[in-house]
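Visitor: Let's see this in three dimensions:
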Amino acid sequence: MSSSLERALDYRFADASLLRTALTHRSHGSPHNERLEFLGDSILDAVIARQLYERFPRISEGDMSRLRANFVQQDSLHKLSLSLSLGDHLLLGEGELKSGGASRPSILADALEAVFGAVWLDGGFDEASRVITRLYESLLGAVPGKPVKDAKTCLQEYLQGRRLPLPKYVLAGTDGEAHAQLFTIVCEIDSLRLRAEGQGASRRAAEQAAAGKALEKLQVDD
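Guide: Numbering: from 1, shown residues only. Here you go, the predicted model:
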């Protein structure tokens, strides 16, 4: 089940049960990957922070924080999980399988973080760092000369530059169980009569998605 994934990761597990747990969604049974996801989230933050610190010595702390937030958000993790065909290896309950859980961004992002946690437990921090850095190489190499700003910051600066009121972010609804909720946020810019909707696994992520949609409607080029 996991040999092709191990090749894609360029890492072979000494303890195969760790990888199995990392790929097991709560709906499938226990042990599942939520505790490994917790570990992987922390390891990912640390590795990306170090890479930014070492690669971009002239970037400020604030800019590094924004870049790291972009790298570790659900959208980036989802894209990387697709490059690994991670959904093909997930262990999901029947309900999640029928509802398309193997392609759901939140499930894939969480599973990838769990895999990072599993690598750390199996091979140590250096191996986890190597796997993460290799996987993120194309994203790290694509950092532009100027820092990447998050969507909410870009939208705020766009409106402030035109002396327009700041947007309002309104919670339109939540879906799913407590451990896998999907938030829907509406970004409202009354002065422009603009509304844009975004979804995410957290309220913050949904707000960023909504701001991004608003920028698209405004055709703002960062």
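
Visitor: what's the burial count for Lys152?
Guide: Counted with other Cβ atoms under 10 Å, the burial measure for Lys152 works out to 20 neighbours. (Each C-beta comes from the backbone N, C-alpha and C, glycine too.)

Visitor: So what sits opposite the closest residue to Ala172 other than its chain neighbours in the bridge?
Guide: Using Cβ to Cβ, 6 or more residues apart in numbering and skipping residues adjacent in sequence, the residue nearest Ala172 is Thr184, 4.4 Å away. When assigned by DSSP bridges, Thr184 has beta-bridge partners Gly173, Gln199.

Visitor: Run through the helices of the protein in chain order.
Guide: Listed from the start of the chain, the chain has helices (DSSP state H) covering 3-9, 16-22, 34-55, 61-72, 74-83, 94-98, 105-123, 125-141, 151-161, 203-218.

Visitor: which secondary structure elements does the first one contact?
Guide: Helix 3-9 is packed against no helix or strand, with contacts defined by 3 or more Cβ pairs under 8 Å, 6 or more residues apart in numbering; DSSP states H and E.

Visitor: So which bits of that helix are buried?
Guide: Buried residues in helix 3-9, counted by 16 or more other Cβ atoms under 10 Å: 5, 9.

Visitor: go on, the third one?
Guide: Neighbour-count burial for helix 34-55 flags 34, 36-37, 39-41, 43-44, 46-49, 51-52 (criterion: 16+ other Cβ under 10 Å).

Visitor: Going by distance to Phe116, which of those residues wins?
Guide: When the buried residues of helix 34-55 are ranked by distance to Phe116 (Cβ to Cβ), Gly40 comes first, at 3.6 Å.

Visitor: Cool, thanks, talk later.
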